[in-house]
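**Student:** Return atomic coordinates for the entry below.
(2 chains)
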Amino acid sequence: MDHVLTARTLFGTTMAFHIIFATLGVGIPLMILLAELLYQKTKDNDYALMANRWTKALAILLGVAIPSGTIAGVQLSLLWPGFMEVIGKVMALPFQIEIYAFFVEALFLSIYVYAANRISPTMRIVSLTFVAIGAAASAILITNVHAFEGTPTGFRIENGQIVDVDPWKAFFNPSFAVTATHVVLSAYMTGAFTIASIAAYKMLKNKHNERIQLFHKKALMLGLTVGGVFSLLTAINGHESAQLLHEYQPEKLAAAEGLFETQSHAPLVIGGFTDRETQTVKWGIEIPWLLSFLAGNRFDTVVIGLNDFPEEWWPPLFVHTLFNAMVGIGMFLLLLSLVGFIWHRVKTQQIFPNWFMWTIVTAGPLALLGIEFGWVFACTGRQPWVIYRMMTTAEAVTQSTNLGTLFLLFTSIYVFLLVAVVLVLRSYFRRHPIEQHLATHM
Amino acid sequence: MTDELIAISILWGFIFIYAVMATMDFGAGFWSMVYMNRPQTKATKIANRYLSPTWEVTNVFIVAIVVALVSFFPGATFMLGTILLIPGSIILLLLTVRSAFLVFSHVAPKYEKVLVYISGISGLLIPAFLISVLPITHGSFVETVNGVSQLRLDRLFTSPHEYAFIAFAITSTLFLSSLLLADYSNEANETEAYAIYRRDALIIGPFALLSSILIMITMRSEARWLYDGMIAYWPWLAASVALFLVAGLALFLPSWRKKNGRGMPRLAVVAIVLQYFCASYAYGKAHLPYMIYPDVTIESGFTHPNTFRALFVTYIVGFAILFPGFIYFWRLFMKDRRYVANDEK
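**Tutor:** Numbers count the residues shown, from 1 in each chain, chains lettered A, B, ... in the order given. You can find the predicted model right below:
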């Protein structure tokens, strides 16, 4: 593997690992907060119990999210010193403000976890709100740096020198709002579906205990409802993201859709694999005119194809598949919660049939997979640039060699932690089964 | 004060706060390993009670340092990032394993023993690697060939200077943390734990001072420019040694709060933190204007002035907002006797 690719693989692996915990670290606090609020409103102890148990899981997940985020942050400087030099001069604000958000999250999470029994219910909700705000703000600010990489503004490069720096203009770069919203909405969606998945699984495993069934049913419906709302919002916002690409990074949209020739009334191709030789998408389903409509709300919108760009500027063409996988998962989850919701309304007392429950079990892992596809698409689709049309990834990479060993080291740590986190979660919830709590609360 | 000086002062301030908080954090992990098999004393419990809520906040400071470095001195980041790839990665891996396991051991007592060993051993290794960044910035371990800077690990790890720093990091970690835990157990009225940590502090303190003298001796031959600079700030070094003696004395004086108690650990903690502050001030002042000798100075690495101004505003706003949070946190975990003494149930 060449040097740049090794560095990208190492950093990509770090991000792929971190994003699992970061996403849940944004999504789960919202669910805990909702459960706390439902408890204060209904005085139904089950919701208090949910908040309590999810907090335990969150504390474990953040035990990995925080150090892996630290790795990601430091690795940026270690692997991409050229990139961070520009970021330090132009786009330092989001990193700096993220530190404050990080502080807020760490302080109040410690307070909520270690001092829960000494603070008032109001302070518990206030602490949780701060944890949720801190987590979401961190995600928004870090995504802002990613947005800047795609739509850089607020500086110019003249003879290799960075001039005309306007840090706030860089901060409010054109894709900031839409991209950050996408990340937060999809994280809320993922957190909710993860809860729904676990609840569905527990219901399937505890068929004969009605009390446990009832508990998990409440969690399931909360997860499905929140997940449904946020998957709808994510979809609407995703459409805006695509229009943003059309305007600011046309070659990324072209690669995502496998479009080679510039044209109006461009078709949307779903599925299939982009073939560089024949300049077609093989085995895809073509819907005429739709891409033009999606890109500009009119069928005669001209969508620029890959052939209008020099080939060395093309992103890898497999991003079409990643893009489809992300959108496909999003659509599937939206449909799933719609069906569940209608079913629940029409046949109120009935429990979902087994096949449907098993489908819900897949929702959480699928949502996480969708997040992964989305990130790989977003970062691979920007290649060969690290800062769009300003700096290539090859210019930014470290001059140190021997990244292969580091890659192996870091990857084995990630695998190890992934296994450890599963074991610890299992061990904790085995020792504290729900029956125990339900019994003491009755 | 120039912008560059303000920026490096903020950065050095963060490094100092992290150094103090982290040595206590890492040291507490080590002590809880040492006293794990002595259930009759509460020394381990005390260490853990301090450790659990603080590590996340301590961890934020290391990110704050990296961000302050990148945003204030992007020019230095390029070179530091390049030469610190290997040591930086090792630190990251150790930190990750350690913090993950701190959380795990809290919720899964089944694995507690392994976890305590991991956090205890890494508690000594991490400071040793972290402090190596300092001798690396002294310049003699960096080699530039065809415009590519490289860290000569072979030279670094055969240098007495590096080992003096490592000895200093480890002894300081144990010294500061035992002192703080002595104060903490005194606050919790755990006489036995207090006696243990007080004894540890008294044993290790002289070694910490000795290793700092070793640093100066080796610096004389390996980084003469810095040595001369530090000697020029000799009043600060003298004050530092004097404060060390104050702390030692404070541990022997009769307690004013308890009738038969011995020592004033709170005074000792304050004196030692001031001692380290004086020493690090002299070191930092002498190090200027170089960030990495002789290639990067605070002027050459400095960020764009517009960015600096924007950042400076967020520092004021950000910490003004955070301050009440820190106070609340402090009162819940450091001052609240119910928590410190653990009679909440």
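
**Student:** What backbone torsions are found at the residue sitting furthest away from the middle of chain B?
**Tutor:** What lies farthest from the middle of chain B is residue B:146; by C-alpha atoms, centre = their mean that is 35.9 Å. In terms of degrees, to the nearest 10, the main-chain angles of residue B:146 are phi 50, psi 40.

**Student:** Show me where the stretch 101-250 of chain A has its strands.
**Tutor:** Using DSSP state E, counting those that start in this stretch, the strands of the stretch 101-250 of chain A run over residues A:156-158, A:161-163.

**Student:** same thing with the stretch 151-300 of chain B?
**Tutor:** According to DSSP E, counting those that start in this stretch, the strands that the stretch 151-300 of chain B contains are B:290-292, B:296-297.

**Student:** can you tell which of those strands is closest to chain A?
**Tutor:** Of all the strands of the stretch 151-300 of chain B, it is strand B:296-297 that lies closest to chain A, at 11.9 Å by C-beta to the nearest C-beta. (Each C-beta comes from the backbone N, C-alpha and C, glycine too.)

**Student:** other SSEs contacting that closest one?
**Tutor:** helix B:74-83, strand B:290-292 (3 or more C-beta pairs under 8 Å, 6 or more residues apart in numbering or on different chains; DSSP states H and E).

**Student:** Please work out which residues outside the first one touch it.
**Tutor:** For helix B:74-83, contacts defined as C-beta atoms under 8 Å, 6 or more residues apart in numbering or on different chains pick out A:77-82, A:84-89, A:92, A:398-400, B:69-70, B:88, B:136, B:142, B:148-151, B:291-292, B:295-296, B:300-303.

**Student:** Look up how far chain B lies from the residue nearest the centre of chain A.
**Tutor:** In chain A, the residue lying closest to the centroid (C-alpha atoms, centre = their mean) is residue A:371, at 4.3 Å. Note on residue A:371: its distance to chain B, by C-beta to the nearest C-beta, to the nearest Å, is 21 Å.

**Student:** so which strand or helix has that residue?
**Tutor:** Assigned by DSSP states H and E, residue A:371 belongs to helix A:354-380.

**Student:** the helices in the stretch 51-200 of chain A, which residues?
**Tutor:** A:81-90, A:92-114, A:121-150, A:167-171, A:176-205 (DSSP state H, counting those that start in this stretch).

**Student:** quick one: is the second one near chain B?
**Tutor:** Yes - judged by C-beta under 8 Å from any C-beta of the partner chain, helix A:92-114 comes into contact with chain B at A:92-93, A:95-100, A:102-104, A:106-111, A:113-114.

**Student:** With mean pLDDT, mean neighbour count and distance to residue A:331 added, can I get the helices of the stretch 51-200 of chain A in CSV?
**Tutor:** Shown next, in CSV, are these (pLDDT from 0 to 100; neighbours: other C-beta atoms under 10 Å in any protein chain shown; distance: least, C-beta to C-beta, whole Å):
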stretch, mean pLDDT, mean neighbour count, distance to residue A:331
helix A:81-90, 88, 25, 34
helix A:92-114, 87, 24, 31
helix A:121-150, 90, 21, 22
helix A:167-171, 90, 20, 33
helix A:176-205, 93, 24, 12
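
**Student:** what about residue 2, neighbour count?
**Tutor:** Since you didn't name a chain, this refers to chain A. 8 (other C-beta atoms under 10 Å in any protein chain shown).

**Student:** my bad, the chain I had in mind was chain B
**Tutor:** Residue B:2 has 10 neighbouring residues, counting by other C-beta under 10 Å.

**Student:** Excluding chain neighbours, what is closest to residue A:68?
**Tutor:** Using C-beta to C-beta, 6 or more residues apart in numbering or on different chains and skipping residues adjacent in sequence, the residue nearest residue A:68 is residue A:18, 4.2 Å away.

**Student:** hang on, the one you found in a helix?
**Tutor:** Yes - under DSSP: H, G, I helix; E, B strand; the rest coil, residue A:18 falls within a helix.

**Student:** Return the per-residue confidence for residue A:275.
**Tutor:** Residue A:275 is assigned a pLDDT of 80 by the prediction.

**Student:** if we can go back for a sec, so for chain B, which of the strands of the stretch 101-250 of chain A sits nearest?
**Tutor:** strand A:161-163 (6.6 Å).

**Student:** can you redo the helices of the stretch 51-200 of chain A as TSV with distance to residue B:253?
**Tutor:** Formatted as TSV, the entries for the helices of the stretch 51-200 of chain A read as follows, by distance: least, C-beta to C-beta, whole Å:
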stretch	distance to residue B:253
helix A:81-90	49
helix A:92-114	34
helix A:121-150	40
helix A:167-171	53
helix A:176-205	55
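
**Student:** Can you classify the nearest residue to residue B:73 once chain neighbours are set aside as helix, strand or coil?
**Tutor:** Spatial nearest neighbour of residue B:73, chain neighbours left out: residue B:301 (4.0 Å); criterion: C-beta to C-beta, 6+ apart. Per three-state DSSP, the secondary structure class of residue B:301 is coil.

**Student:** OK, contacts around residue B:301?
**Tutor:** Counting by C-beta under 8 Å, 6+ apart, residue B:301 has contacts B:73, B:74, B:75, B:76, B:77, B:291.

**Student:** from the residues you listed, which is closest to residue A:356?
**Tutor:** residue B:77 (52.6 Å; C-beta to C-beta).

**Student:** for chain B, which spans come out with low pLDDT?
**Tutor:** Within chain B, the stretches with pLDDT under 70 are B:39-41, B:43, B:50-52, B:108, B:110, B:255-261, B:335-345.

**Student:** Which stretches in it count as helices?
**Tutor:** Secondary structure of chain B (DSSP state H): helices at B:3-34, B:43-72, B:74-83, B:85-107, B:112-131, B:133-137, B:153-156, B:160-187, B:191-222, B:224-232, B:234-252, B:265-287, B:305-330, B:337-340.

**Student:** follow-up on the earlier one: and the helices and strands packed on strand B:296-297, which is most packed in?
**Tutor:** Highest mean neighbour count among the helices and strands packed on strand B:296-297 (mean count of other C-beta atoms under 10 Å in any protein chain shown): helix B:74-83, with a mean of 25.

**Student:** what angle separates it from helix A:81-90?
**Tutor:** Put simply, helix B:74-83 runs at 160 degrees to helix A:81-90, going by axes from the mean of the first three to the mean of the last three C-alpha atoms, to 10 degrees.
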